[in-house]
Every structure is written in structure tokens, then in C-alpha cells.
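Chemist: Below are the sequence and a predicted model; questions follow.
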Amino acid sequence: MSISTSSQSSDAEISSDLGAEITSQAPDTVAPKAKEHKQKTAEEIAAKRAELAFSRAKNAKKVAAAAKPDLPKPAPVYRALTRKPTVEWVNSASKIPSALWRDFFPETVEGRFWYVALEQSKLESQFQFHYALVKEGPDIIAIAPAFVMNVPMELVVPEPVAKLLKSVKPILPSLSYQRTLFVGSVCADEGTIGVKPGIALSDIVVPLQKAVEKKARSLKAPMIVWKDFPESVAPHLQPLLTIANAFTLVSFPGTAVTLTGNSIDDYFASLKSSRRYNLKKKLKKSKQTAQIVSSIIQNPDEQTLVDIFALFWQTYEKGKTKFEVLNLDFFHLMAACDKAWFILLREDRTEKLLAFMLCFKLGDKVINKFIGIDYTTPPDWFLYFRLWEAAVQWVAAQGVTELQSGQTGYRAKIEVGNTLLPLTNYCKHTNPLVNLIYRKVAQSVNWSTLDEDLASFLKAHPDTDSDTAPAAI
């Protein structure tokens, strides 16, 4: 990486430049104004020194970042458990001390604020929330969020099986859904178990799974799913497969863009030339046909929230994959959260809200959680891409290094350069025979069977393995 050194002038050079400016004047002009000019020169030198100091500091930061070796992070050090873990259950995030949420959940994932908001959003008809507290003696060493849901089978089985289930639904409605106890969170970007620093997740997985199976029986939920866990924790979850007789099911991948600079120009430079050309072409066309202004706000007012939810609902109705149904109460709760930011696009003349993006700023990561778009506007307004441009401009200016955009809607996300991040479900049915059948069905599920956009991508990139590695696209 090349770093400009043009700002690394010395104080002497600044003084010399200004002095040359004085002495270049005629002698009879210099003499009467020498005192005034000397004072002016001192002020200018001070100003330039301040500017130089700022520039040097900024440049040094870039040099340090560029020169920093890309070394692997040191492996965490875990201690052995001194007592056999036990598990207790509570039914509210607020019943768990806030300090434990802060200590156990990394800053870059949805924490207590997320679970409290879900509980208070009046979603009881869809979910029941539970929290497993893993304890070593009297001390809590892990928090495992969980929820119960009647899952539409068409979301998780291949299309031929889904069609069969739809055909028998009027006769056997119970076959159209599967009551399931999930370990993880509703519509979180990835599954997370909050573990006390120094404790290995692999040391608590088996006792936690036993407690989950017992809880599932009491809730009459024969299916257990550890939902959307990233590859980074796969070694820790291996006991689920080797000891608990669970099986893996490929999930919809997550998406993310890594940002290496502090401007949208740096983002454009990181794209493949073909993607950069196509994106800029869309943006240029949009700006020629639609006068749109963007804003980034927190805690929007009531009318804006109503407009935001209307756009969210319009987009939800248009989507193919529907896991949860959120409501206006949820958006009210999100608006009150200090981690939530709303990116808004409005028509300049009428101030009509055209699109929004709800983002969570979590440490050095921003999660693009929900979007809403007015699909009644002309297609050549390219609102998604205008919204994405506003998001990247804001995120890059914040010094954030990663922008995540979640699952589904892959075609547009691929166009703007997202990387696909494999996520895995760890599943077990409490009936051994059904578990065996589901295990066989799961082997036929991959990105191509889950989503048409992913199928098209894999056809164009046959070297991509949906089961193992992220795809840089």
C-alpha cells in the first residue's frame, strides 16, 4: 500500500515558505509593513503547524494500519471446569443481570437490547422466548437464548417436498409446520451463545443440549435447532454431532462487505471492475431521473416511524422467504435504542419517504438489519442502490470495517460486492426414526435448493462450495 508523504513537511519549511513570500516583495514595501506582516506570519505558521500535526497524525494512522502484519489472532486460553455444569431456565432477558450480558456477548453481536425489544414487541403468537443459564456451581458461565416457533416446513425443505406438503395441508395441517425449539435468536445475523471469558463453548455444549432436549419435551417441541451458527464456532459444536446425535443443515448464508478506507471511493476501488461499472451506471441513471436526498437519524418521530413501517411491510410482502412477522411496536422499541440508526431516502420536492435502512452500530461493525423500499416508484430510480450508497458513505466515515447485510435478497447484495458467509443449523428430532429421515433430507439441502439467486450465483461460480468456505463475490 502506498501512503502519501506530502503532508510531512517540516516546521522550518513552513517558515521558509512564508519568509520567501515576504522577502520577494520590494524593499520599500516591506519596511512599513514588517511589524504587521511579522504578526500575520506568526499566526499563519501556528495555523499551518496545527494543520500539519493533524495531517501527520492521520497519515501515521494509515501507515501503521498498512504496515501492520496480518497475523492470526492468538488462540484463546480456556480453563478447565471445576464442577459439572448445570442449567436453569428463565423466560425474560431482563431477569439476567445486565453485567453478564455485557461480559458474555461480544460488542459486535446483538445483545440484551435486542432480546428485550423482541420480548416487548407483542410477538407471543409467533414465539415464546426462553434463556438457558449454564452454571458452574452458583456462578453463571453462559447464556443461551432460545425460542419456540411453529416453523412452516416449506422454509426448510427442498421445493419438491414443499409442494407435496402444500398439497396435503388441507387434509393434514400438522404436517405443514414443525414445532421447534431454537437455540439462538429470531432474525439475528448469526447464532450466539454468550460464554464467560476463559470458558470453552465446547465444554458446555453437551450439558446444554441435554437441558435443551428436556425443555423441548416440556414445550411439546420435538424438533431442536441450533440456528445459524458461523463457521468460527463449528469446532466447539462438534460434540452435538458426535455425542448428541444431531445433524447439520445448510442455512441461508449471511452477507458482508469489508471496508478498508474511510470514503466511498475506497469502497468503489475494492470492487471488481465490472461490478464497479454497473453500480456506478445505476447510480448515475438514478441521479439523472430522481432528485433524492438522504439523511441518517436516530430516534425518528412518530409519523416517520409509521412511514418506515409502511415501507418495511411493502418490502416484507414482496419477499419470498418469511420467517417472522414484525410489527410497529418493534420499530418503536428499536427507535429508542442508542445503537440503532435509520438511513432515510426522501424525494427532494415532496419530502416523501422512499426508502429506509435500519442499522445497528456495534463496535467496528454495522449490521444492516432491515430495509424498506417504495416499489411504486419507477424502476430506474434504483432505490436499493441509492440506499446502499448512502449506507456505505455513512459507514465508511464512521471508521467501521465491516457492513453486514444478513440473509436473503442475494441478487442485489451480490451486485454491490458482498461476500457470502456460510451459516449452519445443528438439528435433532427427538424421535430417532424421524431424526434419521430428516438427516437424509438435510443432505440434499444446499444454497442452490434454498434460493434461486444463490443457484444462479453457484452456476456462474461452480468452484464455490456452499458447505465450507465464504465466497468473495
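Modeler: The structure has been received and is ready for your questions. This is a predicted model, so every value here is computed, not measured.

Chemist: Tell me which stretches of the stretch 1-150 of the chain form strands.
Modeler: For the stretch 1-150 of the chain, the strands defined by DSSP state E, counting those that start in this stretch cover 86-90, 128-136, 139-152.

Chemist: Rebuild those as JSON lines, extending it with distance to Y426, mean neighbour count and mean pLDDT.
Modeler: From N, CA and C alone the C-beta is placed, and that goes for glycine too. Formatted as JSON lines, the strands of the stretch 1-150 of the chain follow (distance: least, CB to CB, whole Å; neighbours: other CB atoms under 10 Å; pLDDT from 0 to 100):
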{"stretch": "strand 86-90", "distance to Y426": "17", "mean neighbour count": "14", "mean pLDDT": "98"}
{"stretch": "strand 128-136", "distance to Y426": "15", "mean neighbour count": "19", "mean pLDDT": "97"}
{"stretch": "strand 139-152", "distance to Y426": "13", "mean neighbour count": "20", "mean pLDDT": "94"}
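
Chemist: which one of the ones you listed lies closest to L118?
Modeler: Closest to L118 of the strands of the stretch 1-150 of the chain is strand 128-136 (CB to CB; 6.7 Å).

Chemist: got the angle between the closest one and strand 139-152?
Modeler: Per axes from the mean of the first three to the mean of the last three CA atoms, to 10 degrees, the angle that strand 128-136 makes with strand 139-152 is 150 degrees.

Chemist: Show me what strand 128-136 is packed up against.
Modeler: For strand 128-136, the elements it packs on are strand 86-90, helix 112-119, strand 139-152, helix 205-218, judged by 3 or more CB pairs under 8 Å, 6 or more residues apart in numbering; DSSP states H and E.

Chemist: quick one: strands adjacent to that strand?
Modeler: strand 86-90 (antiparallel), strand 139-152 (antiparallel) (DSSP bridges).

Chemist: Go through those strands and name the closest to F105.
Modeler: Ranking the strands paired with strand 128-136 by proximity to F105 (CB to CB) places strand 139-152 first, at 7.5 Å.

Chemist: what's the angle from the closest one to helix 205-218?
Modeler: 50 degrees.

Chemist: hmm, back to that, okay if I get the helices and strands packed on strand 128-136 as CSV plus distance to F105?
Modeler: Formatted as CSV, the helices and strands packed on strand 128-136 follow (distance: least, CB to CB, whole Å):
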stretch, distance to F105
strand 86-90, 16
helix 112-119, 8
strand 139-152, 8
helix 205-218, 16
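
Chemist: residue boundaries of the helices in the stretch 1-150 of the chain?
Modeler: Counting by DSSP state H, counting those that start in this stretch, the stretch 1-150 of the chain has these helices, from start to end: 11-23, 27-67, 98-104, 112-119.

Chemist: Check the stretch 151-300 of the chain too.
Modeler: 159-168, 205-218, 234-242, 264-270, 273-289.

Chemist: Near P97, how many residues? Count them for me, please.
Modeler: 12 (other CB atoms under 10 Å).

Chemist: For V250, see how far away it is.
Modeler: In this view, P97 and V250 are 36 Å apart by CB to CB, to the nearest Å.

Chemist: what's the answer for V293, then?
Modeler: The value you get for V293 to V250, if CB to CB is used, is 41 Å.

Chemist: Counting neighbours, go ahead and name the busier of these two.
Modeler: V250 (20 against 13).

Chemist: Could you report the pLDDT at the more buried one?
Modeler: Listed pLDDT for V250 reads 95.

Chemist: Sketch out the low-pLDDT regions of the chain for me.
Modeler: 1-73, 155-159, 162, 165, 168-169, 172-175, 321-322, 463-473 (pLDDT under 70).

Chemist: Domains of it: list them as residue ranges, please.
Modeler: Following automatic domain parsing, one gets these domains for the chain: 86-251+425-451, 255-421.

Chemist: got the buried residues for stretch 177-189?
Modeler: Y177, Q178, T180, L181, F182, V183, G184, S185, V186, A188, D189 (16 or more other CB atoms under 10 Å).

Chemist: Format those residues as a markdown table; extra columns: distance to A391.
Modeler: Listed next are these as a markdown table, based on distance: CB to CB, whole Å:
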| residue | distance to A391 |
| --- | --- |
| Y177 | 35 |
| Q178 | 36 |
| T180 | 33 |
| L181 | 35 |
| F182 | 29 |
| V183 | 31 |
| G184 | 26 |
| S185 | 23 |
| V186 | 23 |
| A188 | 19 |
| D189 | 15 |
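
Chemist: Tell me which two in these are the farthest apart.
Modeler: Y177 and D189 (24.6 Å).

Chemist: Strand partners (parallel or antiparallel) of the helix or strand hosting F342?
Modeler: Using DSSP states H and E, F342 sits within strand 340-347. Sheet pairing here is set by DSSP bridges, and for strand 340-347 it gives strand 292-297 (antiparallel), strand 353-362 (antiparallel).

Chemist: Off-centre distance for the last one?
Modeler: With CA atoms, centre = their mean, to the nearest Å as the basis, strand 353-362 stands 12 Å off its chain's centre.

Chemist: and the angle from it to helix 112-119?
Modeler: Angle of strand 353-362 versus helix 112-119, following the same axes, to 10 degrees, is 130 degrees.

Chemist: For strand 353-362, list the C-alpha coordinates in PDB.
Modeler: Output of strand 353-362 as PDB, limited to C-alpha atoms (Å, rounded to 0.1, in the frame of the first residue of the first chain):
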ATOM      1  CA  LEU A 353     -40.100   8.800   2.300                       C
ATOM      2  CA  LEU A 354     -39.000   6.400  -0.500                       C
ATOM      3  CA  ALA A 355     -36.700   4.000   1.300                       C
ATOM      4  CA  PHE A 356     -35.100   3.300   4.700                       C
ATOM      5  CA  MET A 357     -32.400   1.100   6.200                       C
ATOM      6  CA  LEU A 358     -32.300   0.300   9.900                       C
ATOM      7  CA  CYS A 359     -28.700  -0.300  11.000                       C
ATOM      8  CA  PHE A 360     -27.100  -1.300  14.300                       C
ATOM      9  CA  LYS A 361     -23.700   0.200  15.000                       C
ATOM     10  CA  LEU A 362     -21.900  -2.500  17.100                       C
END
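
Chemist: helices or strands next to the helix or strand following it in the packing?
Modeler: The helix or strand immediately downstream of strand 353-362 is strand 365-373, counting by DSSP H and E. In terms of contacts (3+ CB pairs under 8 Å, 6+ apart), strand 365-373 is packed against helix 302-318, strand 353-362, helix 383-397, strand 402-404.

Chemist: Thanks again, I'm all set now.
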